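Engineer: coordinates only, sequence not included:
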């Protein structure tokens, strides 16, 4: 009986074809037959190699394989996260307090354009709005500075108010008139004639104190929102009550983990990250993400997690988030997207941050062993930083130990895309860290960091053979990278995704338009970046060494502003201010 003519070491189309042609019984077979056998062998070999690579963390290449492998290390990659922050909802002036606004009507969008689609922001709970007032004695009105000075409530720039008085209103202010607040401090405000003027700081001239007591009535309220779009409940599939590890494909991409709800036979099921702790009767499910951004619902096998009974599986969730969900411009979320007649407008008084794409597979491969070393416990400062990064939505974290006494810490961070994480994200990470701390009792406070914009006035001498017009975009980028609080995020994108990923991140953060033609210069800058960090002082020699050495075409640079060294507190980091750049003749 003849042996196998194909060598065990022959794995490619050409090597298999060569084995066939070297066998006297097969070499005269038709060409189509040889091609078919060689092609099948080549494909099977490729699938075999792929399976072997996906069995090891270092060589795995699909999102599901990486997630399954790092789960063995008790690590779960951060999913897609939405930007979040406070939105001001403006009330109709004839509203009757208290008024209840449903969750579905607490929605707003950005304007959008032909180039950029509108972003939708939604609240995750309803709001009951009561009447809010504050008072100011006429004697406390500061005419010289055009402000109210002795308020009990901490107002926010952009809030809408109307004024009444037990006597007469200050000169320049009128009854039954809309005014927008300009916040000066926790007890001091000015008034503007429009929302645009309020954000611009253009205030009303107050010409007299008036008489009596002045009452401020608020006609707006603050609500935390998330960049998401709710998908109403639908049937994902039907369980037969017997099959092990049931999986149902979900109809949308970009699903936000925190929003998913599963109901079987009118009972809510619980999302888990791992089946390890799931008991046979636990109504648990797992959300499994695939490399293309789609997701599956996975149920247990009766040993790890309950098998759903023979009923339809209902699911609801929200989609959205990602790097491009961040809003860096005040007042850009300005379209009310609900239907409640008691609301007649919206605005974002501050930037919305924390939006991030699904955790990159290379980042997961790096963080999983790191957190294994920490044993998924918050014991050291390094543990806290790694856990916070693993939670998602932040790109840089600093943990200062014993800040408020023994067994306490102060946490600050930079949101994905730059800026401070939203208060909602800080609160979520704070609770997460406390849960991982010793006896769940370490006094952990995730506070807003001091992010200090640094203005730069600098000039570059261009080398012979270069023009300033060609050098200027990279000269500007070098300063942006050197000062930006997002430098570490860009460097991480370069390490995990290469120069293409770094350029995409740069374009997103700095609203730039670099492309493949810029890769050589941008890579030179990113690969040699000594990024900003909390408490990291910046020296003039660092700036000159970076800009002069790594920007092609720059001979030397002169710096007028800032004054070096830039000395930072432990919870302080630099950001890009106003760049005034020019050429040295």
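Structural biologist: Yes, it's here. These numbers were taken from a predicted model, which means no experiment stands behind them. Numbering: from 1, shown residues only.
Engineer: only C-alpha atoms for contact and neighbour calcs from this point on.
Structural biologist: OK.
Engineer: Pull up the gap between residue 434 and residue 410, please.
Structural biologist: 12 Å (C-alpha to C-alpha, to the nearest Å).
Engineer: Name the residues contacting each of the two.
Structural biologist: Taking C-alpha atoms under 8 Å, 6 or more residues apart in numbering as the criterion, residue 434 and residue 410 both touch residue 444.
Engineer: Skip the chain neighbours and tell me the closest residue to the residue positioned nearest the centre of the chain.
Structural biologist: Closest to where the C-alpha atoms of the chain average out (C-alpha atoms, centre = their mean) is residue 355, at 2.1 Å. With sequence-adjacent residues excluded and distances taken as C-alpha to C-alpha, 6 or more residues apart in numbering, residue 355 is closest to residue 83, at 3.8 Å.
Engineer: hang on, isn't the one you found packed against residue 224?
Structural biologist: No - applying C-alpha atoms under 8 Å, one finds residue 83 not in contact with residue 224, separated by 10.6 Å.
Engineer: Settle it for me: which of these two has more neighbours?
Structural biologist: residue 83 (30 against 19; other C-alpha atoms under 10 Å).
Engineer: Might you report the residue contacts of the more buried one?
Structural biologist: So residue 83 contacts 226-227, 321-322, 325-327, 352-356, 422 (C-alpha under 8 Å, 6+ apart).
Engineer: residues making contact with whichever strand or helix holds residue 383?
Structural biologist: Using DSSP states H and E, residue 383 falls within helix 381-391. Outside helix 381-391, the residues that touch it by C-alpha under 8 Å, 6+ apart are 77-78, 367, 370-371, 374, 376-378, 394-401, 429, 433.
Engineer: Among the residues you listed, which are located in strands?
Structural biologist: Among the contacts of helix 381-391, the ones falling in strands (DSSP state E) are 394, 395, 396, 397, 398, 399, 400, 401.
Engineer: And residue 570, how far from residue 296?
Structural biologist: Residue 570 sits at a distance of 43 Å from residue 296 (criterion: C-alpha to C-alpha).
Engineer: again, but for residue 421
Structural biologist: Distance, residue 421 to residue 296, using C-alpha to C-alpha: 29 Å.
Engineer: of those two, who's got more company?
Structural biologist: residue 421 (30 against 17).
Engineer: lowest confidence element among the helices and strands of the chain?
Structural biologist: None of the helices or strands of the chain scores lower by mean pLDDT, DSSP states H and E than helix 361-374, at a mean of 78.
Engineer: Tell me which other helices or strands that one touches.
Structural biologist: helix 63-71, helix 381-391, helix 487-510 (3 or more C-alpha pairs under 8 Å, 6 or more residues apart in numbering; DSSP states H and E).
Engineer: Would you tell me what the next helix or strand after the shortest one is?
Structural biologist: Yep, that's helix 63-71 we're talking about. Counting by DSSP H and E, what follows helix 63-71 is strand 84-91.
Engineer: what helices or strands is that next one leaning on?
Structural biologist: So strand 84-91, by 3+ C-alpha pairs under 8 Å, 6+ apart, packs with strand 220-238, strand 343-347, helix 423-436.
Engineer: Recalculate using a threshold of 6 Å.
Structural biologist: On a contact count with 3 or more C-alpha pairs under 6 Å, 6 or more residues apart in numbering; DSSP states H and E, strand 84-91 meets strand 220-238, strand 343-347.
Engineer: Tell me where the stretch 101-250 of the chain has strands.
Structural biologist: 107-110, 120-122, 127-129, 133-137, 141-142, 147-148, 160-165, 179-183, 189-192, 213-218, 220-238, 247-249 (DSSP state E, counting those that start in this stretch).
Engineer: That's all I had, so thanks and see you.
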